[in-house]
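>>> build me a model from this:
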Amino acid sequence: MTYDPNYNNGQPNYQNQPGYNQQPGSGYSQQRPEYNHQGITPDAKNMAIFAHLSSLLAMLLSLNTLSFIAPLIFWLIYKDKPGYEFTKESSRRAFNFNFSMWVINTAAFLLMVITFFILSPIWFLVVSVTGILMIIFHIIGAIAANRGEMYDYPMTFIKILK
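This is a model prediction of the structure:
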C-alpha cells in the first residue's frame, strides 16, 4: 500500500478544522485596549471630547466666568496616566483657550468698573462675543477630538499649561 497525501482517514477536510496547526494558547488572548489607527484608545478620545464640552457646561453654569476650571480638572486627572496623552493635550489646549478668554472678560470688566460703568455696553459686547466664540470653538474642538485630531484653538495668547 502506498501513501496518499490526499487521503483524509474518512474525515472530510480534517486539516482545515479550527485549531489544527495552531500554536498552543493562540486562540486565547489577553484583553488589551483597542486603539484606532492613531494609537488613541476610545476612552482617551471620549475623555478628550468631554474635556472640550465640559468647558461649555462650566461656562453656562458660571455665566462665562469659570469655564477654565473644567478642562483644568481633566488635565490634572489625566496628565500622568499612560495612554491618555491625547486627553491631556486636548484638555491643556482647552484650558489655555478658556483662560485667555477669561483674561479678556476680566480686563473688560475692570475697565467697566474703573470708568464707573460708563463702558458697560462695551463690557456686555465683549462678554457676548467671547461667549459665542467659546461655544463655537469648543464644539469644533469636540468634533475634532471625536475624529482623533488635535484642535488648535485660535486666540490663545496665554499658555499656562505646557
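>>> quick one: buried residues of the biggest helix by length in the chain?
The residue-count maximum for a helix in the chain (DSSP state H) belongs to helix 85-114. For helix 85-114, the neighbour count (16 or more other Cβ atoms under 10 Å) marks 86-102, 104-105, 108-109, 112 as buried. Bear in mind the C-beta positions are built from the backbone N, C-alpha and C, glycine included.
>>> show the contacting residues for the most centrally placed residue in the chain.
Centroid-nearest residue in the chain: Ala48, 1.6 Å away (criterion: Cα atoms, centre = their mean). Taking Cβ atoms under 8 Å, 6 or more residues apart in numbering, we find Ala48 in contact with Phe86, Thr87, Ser90, Ser91, Ala145.
>>> change it to 10 Å
40, 74, 78, 84-91, 93-94, 141-142, 144-146, 148-151 (Cβ atoms under 10 Å, 6 or more residues apart in numbering).
>>> could you do Ala145 as well?
Contacts of Ala145 (Cβ under 10 Å, 6+ apart): 40, 44-53, 86-87, 89-91, 93-94, 151.
>>> how about the nearest residue to it, chain neighbours excluded?
Ala48 (4.1 Å; Cβ to Cβ, 6 or more residues apart in numbering).
>>> okay, and that neighbour sits in which element?
Taking DSSP states H and E as the definition, one finds Ala48 inside helix 42-61.
>>> so how far is that helix from its chain's centroid?
7 Å (Cα atoms, centre = their mean, to the nearest Å).
>>> equivalent analysis for stretch 122-131, please.
27 Å.
>>> and stretch 67-76, by the same measure?
Centroid separation for stretch 67-76 versus its chain: 12 Å, with Cα atoms, centre = their mean.
>>> mind listing what's buried along that stretch?
Ser67, Phe68, Ala70, Pro71, Leu72, Phe74, Trp75.
>>> go on, stretch 112-126?
Buried, per 16+ other Cβ under 10 Å, within stretch 112-126: Met112, Leu119, Trp123, Val126.
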